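Chemist: pasted the sequence and its predicted model underneath.
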Amino acid sequence: MFRLPALVLLTLAIAFGGGAWSAARMLKATSGFGAIELGAWSAYPELQTASADPFARAHRAGDGHILLGRAEGLVFTALADETGAALSGRCAYEISGTTPPARFWTLRVADAGGAPVIAPPGFPDTLNSWTTLRRTDGTFSIKVNATPEPGNWIRLDTAAEVSFILTLIDTPTAASASMVDLDMPAITRIGCRDA
């Protein structure tokens with residue numbers, strides 16, 4: 001007597017539960033379509049615009065972050081070095097070269113989920129275009145590791161995988177049609193502890 005209603009309820013629970021789970025998993029897996037990749041760096045220029053795809057809009061709504069408009073800036077994320085190896089908090093890196101034109105830029109280290117990796121007090125965990133020392137040709141070299149370095153240095157000392165976040169503020173790059181021609185800084189692994 002209760003067998004048929006129980007089977008219907010079980011089927012509906014599996015369908016709705018599985019649908020909700022798969023939708024949540026897809027929203028966490030991607031920021032949307034239309035990514036551009038420049039070496040190790042990737043960005044979603046349409047993520048914060050009205051022409052963003054439905055997955056990007058849902059991701060943006062569920063994320064709760066305030067994003068830059070296309071005219072305001074562009075956020076690049078690197079999850080791997082130039083060889084394609086995942087970035088690790090147990091390794092030392094050099095980020096060198098130039099950034100695309102921007103009025104201001106910041107570089108920070110984040111965990112796999114995008115949350116900032118905070119350094120202990122007195123240690124730098126971010127750099128920006130105003131505080132970065134440059135060579136005479138305009139290029140820079142930033143060391144990212146656990147040991148203090150002279151010059152440009154960001155402290156990185158964690159056992160987890162990390163990402164580098166480069167945010168360009170007030171950049172003509174965001175409106176450019178030829179973003180694939182931009183020069184991005186190279187990420188080179190120097191060495192790893194426990195390896």
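Modeler: Received, thanks. Small disclaimer: the values here were computed from a predicted structure and weren't measured.

Chemist: return the residues in contact with Gly89.
Modeler: By Cβ atoms under 8 Å, 6 or more residues apart in numbering, the contact set of Gly89 is Val117, Leu156, Asp157, Thr158, Ala159, Ala160, Glu161, Val162. Quick note: C-beta positions are derived from backbone N, CA and C, even for glycine.

Chemist: so what's the fourth one closest to, chain neighbours aside?
Modeler: What it means is Thr158. The shortest distance from Thr158 to any non-neighbouring residue, by Cβ to Cβ, 6 or more residues apart in numbering, is to Gly89 (3.3 Å).

Chemist: tell me how far that neighbour lies from Leu168.
Modeler: Per Cβ to Cβ, to the nearest Å, Gly89 is found 24 Å from Leu168.

Chemist: touching, Leu168 and Phe76? I think so.
Modeler: Yes - under the criterion of Cβ atoms under 8 Å, Leu168 makes contact with Phe76 at 7.3 Å.

Chemist: correct me, but Arg189 touches Ala86?
Modeler: No - Arg189 is not in contact with Ala86 according to Cβ under 8 Å; the separation is 10.3 Å.

Chemist: okay, these two: which has more neighbours?
Modeler: Between Arg189 and Ala86, counting by other Cβ atoms under 10 Å, Arg189 is the more crowded of the two (16 against 12).

Chemist: what's the domain layout of this protein?
Modeler: 1-30, 34-192 (automatic domain parsing).

Chemist: this completes my enquiry, with thanks.
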